[in-house]
Structure formats: C-alpha cells, structure tokens
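[1] only geometry, no sequence info:
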C-alpha cells in the first residue's frame, strides 16, 4: 500500500513543503530512503524502527521504500522522523491514511518512541498555513511556539503511541496556549542609562541611534565607558511590535535559540572579536543564520572593532546596506534578514593610552586600515568618547543622575511612531531602513537646511551614500523634536556625527 504524509524542511528562516511517500509491499525485508537526504535523515530508518517496536507497534517485514519529494530539494535534520513513521503506519494499515490529507507533521523520534523538539517549529507552522493544512502535529515542547500562527490547529503529542490514537480518533490533545505576551518595557535592571555620569554627547548619540535604527561607532580610550554605554542601549529601544516579534522568534527558532514562546525583547548580540566571517554573517552547510541575522530588529555590538578580522568586517558591508544576507552554496541560494543596528566600539590607537601614546605613524596607519573606508561609510554616527573626570565619578548619585532609561525610551518610541506613520506601505520600519530614493522623497528640508547641507557637505567631501545617511539622521533628529520639516540645526548636528575623530570624514 502507498501512503503520503506532509512535512516541511527549513529553507533559510522559512520552510518548504516536503511530501513523504511510503510504499510497503511483499518482498525481501528492506528499508530504502531516497530523495536527496543528508546523513541525519538517512539515519532516521533506525530511529523509526526502534520507536515503532518500543511503542508496541508493528514494524512490517516487507520491502519498504520512502521517498522525500521533491527529490531535487536537499533535506537535512531529524525533523522527518515523525513523517516517515506515520507514513509507514499508514502504508501498513495501522492508522487510517484518509485523515492524513488535512494533517502535516514534524518531529524527531527517540528510540523509545517519544517525540523530541525540533528547530524551526514556527516556520513549519507558517508553511502549514500557506499550504492549506488544517492541523499540524508537533512535539509538546514546540506547541507554544507553533501556536503563534493562527488558522492552523496545532496538535501537541508526547509520543508515537498517542499519534496513533489521535489519527484513529481515540484521543484528542489539549489545545496549546500560544506564547502571545503583552509587550511591556524592559524590566528594571542595573543597566540604567540615568546612572551614567557625564558622556552627554554619547548619550545623545545613543538616543538618536535608537530613535532611527542607525549604526553607531564609539571611539575612545580603554575604560572611558564605551561598552558600558552600548549595553544600556536595549533599555531605551522601543518594544517589538507583534509582527517584528514573530520575525525575531522565527529566526531564533531556526537557529535553535527560541525559548519556546514568543521572543518579545529586542535581541542584543555581542560576539567575540575572534568570530569568523561565516559566524558573523551566516553560512555552513546547510546555511544557518549568523550574528548579523540573530541581531535582526535588535543590536549587534562589536566591541574592539579594529580587532575583528578584515574578512569578517568586509563581509558585513553588503548586508548593512541592503538589510539582507545572501548565502550561495553550490546551486543553492538562501536569504537571511539583517535589519539590525550595528553598534561598535574601538580605541583611538593600538596602545590605547592617549595620554602617553608612543605609537608610531606606521603603527597607527596599520591600526586604522583595519577599518575600511566602505565599512565606515555605512556607519551613520561616529562619536568620540572621552574619559569622565574623576570629580564627576565621585559626585553623589542624586546630583549626577541624568535622564532615566524610561524617559528616553518614551521619546524614542514617540519618534518611532512618527516614522511608522510616515513609512506606511513602503516596507521600511524606521528611518535607517529607507533607501536613497525614499530618503530624497520623504525627507523635507527647509530652505535654510538645504543651504546648510550644501555648504557643509562640500567641505566634508561626502559621498552619495554619506549624503543620504546625513539626511536620514537629520530626519530622526527632527522626529525626536516633533518637527515635520528638517531644519538647519538638524542637518548640522547630523553632519557633526559624520566627522570621524580619526581626523578624516567617515563619508
């Protein structure tokens, strides 16, 4: 008898439908698996055999063949175990195959027959909805995540024996509760922006970067507070919308990092400077998301930027511009989203001791060459961080406390709401997402602002990309000030953040 079961395989952060066809007929007992499967999928034959027998079910002594269609698509991972087992049960008459037409299944089997969770459950649920399936059978640990998708009934099951009861109509699982959480501001923690003493210019740069989703580079001596400031950035970012949270959850689910429900906090990723280019932008086989994608809708913090390999930094140039990572492996191409904020920090010189610096011009030149011009061109704000005077550090907390994270977050959220209204139907979420044509169409300059930009940009020798980035930052500054038109002071402040403390323009 021939039976077919629907399941899915990961394709980037989305999924692609796979039909598992199982044929059982008389002949020498064999179990053949075809359909461009990797080693993990081929090993499922032994897991399926042991799971059936240990669940009290019959493993037929027949000629068995399982085909994973379409045959030209690479299949990888252990999530096909359950579909192969259910197809085998249907092909041998142990479960009615008529009910399988409205069901899709995914899950890994243990030798005892219990179901293990799989990566990408949310992507599988989205795929089931698009393919028109009414039910999706998943392991219990994946149920809350998969139930985030509406229009598909998620059926959590603990083991293979319960699936047989379910398909025979003898048992019905409890409906899972979707992990939809009420979006609240980040919980209070020790990382409070108001506790930072001094650094007024840096805190202003953080506010602008958070309000518009802009990339930021902080340059200064060791111990001046660059890392401290960067780690307080998540506290002033606005909460994720539900659509953004689904995006982030799907990415983390594919990477195996999802907590089981909805990810409702903006991600903050801080890889070590020894990370490879593949680890930073994604890769491997099958392709998996890198740190740049894991920071989607959040923050990617690169501390000691000049210590990262040149290959890793240059690999980020195109994704930072386009917001997408394109990975090509042989004849396969996979896209990963990468719309996050890049926040970086580095020292002014190799020795990191500006007061007694003994670096030669050659050493300084080599150090600065690690930061390529094209990479700096994709950074919107460059901020010099100076060490806070000792007198400010020993001042009492009541006198030194600044604007709290909650207050700054409210201003940032208000600016973001203005951008969402302005960018509706354009596909952009914030000012940093705008391309060149959208920037020139939506950024309205006053006559004084246009004249100021013309005069100042000529002396700064801005590139075309640098010109557009100045306009976006100026638009964000105007949004923070609740102004419809960008004024000359907005342009002047935005252009001031393009002037690199290295002694040249980051244009």
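    Okay, I see it. This is a predicted model, so every value here is computed, not measured.

[2] for the closest residue to residue 419 other than its chain neighbours, list the residues it contacts.
    Once flanking residues are discounted, residue 419 sits nearest to residue 430: 5.2 Å by Cβ to Cβ, 6 or more residues apart in numbering. Where you see a C-beta, it was placed from the backbone N, CA and C, and this is true even at glycine. Neighbour list for residue 430: 212-213, 416, 419-420, 423 [criterion: Cβ atoms under 8 Å, 6 or more residues apart in numbering].

[3] number of nearby residues for residue 102?
    Neighbours of residue 102 under the rule other Cβ atoms under 10 Å: 12.

[4] again but with residue 227, I slipped
    16.

[5] look at it and give its secondary structure.
    At residue 227, secondary structure determined by DSSP: H, G, I helix; E, B strand; the rest coil is helix.

[6] which ones are touching the nearest residue to it once chain neighbours are set aside?
    Nearest residue to residue 227, sequence neighbours excluded (Cβ to Cβ, 6+ apart): residue 303, at 5.6 Å. Residue 303 makes contact with 226-227, 230, 270, 273, 344-345, according to Cβ under 8 Å, 6+ apart.

[7] dihedrals phi and psi, residue 303?
    In terms of degrees, to the nearest 10, the main-chain angles of residue 303 are phi -80, psi 150.

[8] which residues sit against the helix or strand where residue 489 lies?
    Per DSSP states H and E: residue 489 is located in helix 488-496. If you take Cβ under 8 Å, 6+ apart as the criterion, helix 488-496 is touched by 445-446, 448-449, 451-453, 456-457, 460, 470-471, 473-475, 477-478, 481, 483.

[9] from the chain's centroid, how far away is it?
    31 Å (Cα atoms, centre = their mean, to the nearest Å).

[10] repeat that for stretch 82-91.
    Relative to its chain's centre, stretch 82-91 lies at 34 Å (Cα atoms, centre = their mean).

[11] any idea of the mean pLDDT in it?
    For stretch 82-91, the mean per-residue pLDDT is 96.

[12] likewise stretch 54-69?
    Stretch 54-69 shows a mean pLDDT of 95 in the predicted model.

[13] quick check: buried residues in it?
    Using 16 or more other Cβ atoms under 10 Å as the test for burial, stretch 54-69 gives 54-55, 57, 59-60, 62, 64-69.

[14] cool, stretch 223-238 as well?
    224-238.

[15] contacts for stretch 417-424, please.
    212, 429-431, 433-434, 438, 442, 476, 479, 482.

[16] looking at those, which are in helices?
    Residues of the contacts of stretch 417-424 located in helices (DSSP state H): 212, 438, 442, 476, 479.

[17] out of those residues, who's nearest residue 340?
    Of all the ones in helices among the contacts of stretch 417-424, residue 340 sits closest to residue 212, with 13.2 Å by Cβ to Cβ.

[18] how many neighbours does the closest residue to the closest one other than its chain neighbours have?
    Leaving aside its chain neighbours, residue 212 sits nearest to residue 476 (3.2 Å; criterion: Cβ to Cβ, 6+ apart). Look at residue 476: counted by other Cβ under 10 Å, it has 31 neighbours.

[19] quick one: residue 476 and residue 214 touch, right?
    Yes - between residue 476 and residue 214 there is a contact under Cβ atoms under 8 Å: 6.8 Å.

[20] what touches both of the two?
    Counting by Cβ under 8 Å, 6+ apart, the common neighbours of residue 476 and residue 214 are 208, 431.

[21] who touches residue 26 in this structure?
    62-63.

[22] how near is residue 131 to residue 176?
    For residue 131, the distance to residue 176 equals 20 Å [Cβ to Cβ, to the nearest Å].

[23] residue 27 against residue 61, yeah?
    No - counting by Cβ under 8 Å, residue 27 stays clear of residue 61, with 9.9 Å between them.

[24] remind me which residues of the stretch 201-350 of the chain are low pLDDT?
    330-331 (pLDDT under 70).

[25] where exactly do the helices run in it?
    Applying DSSP state H, counting those that start in this stretch to the stretch 201-350 of the chain gives helices spanning 226-230, 242-254, 277-281, 291-294, 310-315, 317-322.

[26] so where does residue 468 fall, helix or strand?
    For residue 468, the host element (DSSP H and E) is helix 464-480.

[27] output the contacting helices and strands for that helix.
    Applying 3 or more Cβ pairs under 8 Å, 6 or more residues apart in numbering; DSSP states H and E, one finds that helix 464-480 makes contact with helix 200-212, helix 405-422, helix 436-442, helix 447-460, helix 488-496.

[28] just the buried positions in that helix, please.
    Buried residues in helix 464-480 (16+ other Cβ under 10 Å): 466-480.

[29] A strand includes residue 6, no?
    Yes - counting by three-state DSSP, residue 6 is located in a strand.

[30] quick check: closest non-adjacent residue to it.
    residue 104 (4.3 Å).

[31] just give me the neighbour total for that neighbour.
    26.

[32] please, which helix or strand holds it?
    Using DSSP H and E, the element containing residue 104 is strand 103-105.

[33] how far off centre is that strand?
    The mean C-alpha position of strand 103-105 is separated from the chain mean by 27 Å, Cα atoms, centre = their mean.

[34] for it, name the packing helices and strands.
    By 3+ Cβ pairs under 8 Å, 6+ apart, strand 103-105 packs against strand 2-11, helix 81-91, helix 121-131, strand 135-139.

[35] please name the residues that touch residue 305.
    Residues near residue 305 by Cβ under 8 Å, 6+ apart: 217, 313, 344-346, 371.

[36] quickly name whichever of the residues you listed is closest to residue 2.
    residue 313 (53.8 Å).

[37] got the contact list for that closest one?
    Residues in contact with residue 313 (Cβ under 8 Å, 6+ apart) are 305, 370-372, 375.

[38] quick revisit: distance check, the residue nearest to residue 6 against residue 34.
    Residue 104 is 21 Å from residue 34, by Cβ to Cβ.

[39] before we move on, what about residue 268?
    Residue 268 is 44 Å from residue 34, by Cβ to Cβ.

[40] who has more neighbours, those two?
    Higher neighbour count among residue 268 and residue 34: residue 268, with 19 against 13, using other Cβ under 10 Å.

[41] ok now do the more buried one, which residues does it touch?
    Each residue near residue 268 by Cβ under 8 Å, 6+ apart is listed here: 231, 233-234, 295, 298-299, 301.

[42] hmm, which two among these are most spread apart?
    For these, the farthest-apart pair by Cβ to Cβ is 231 and 295; their separation is 14.0 Å.

[43] all good on my end, thank you.
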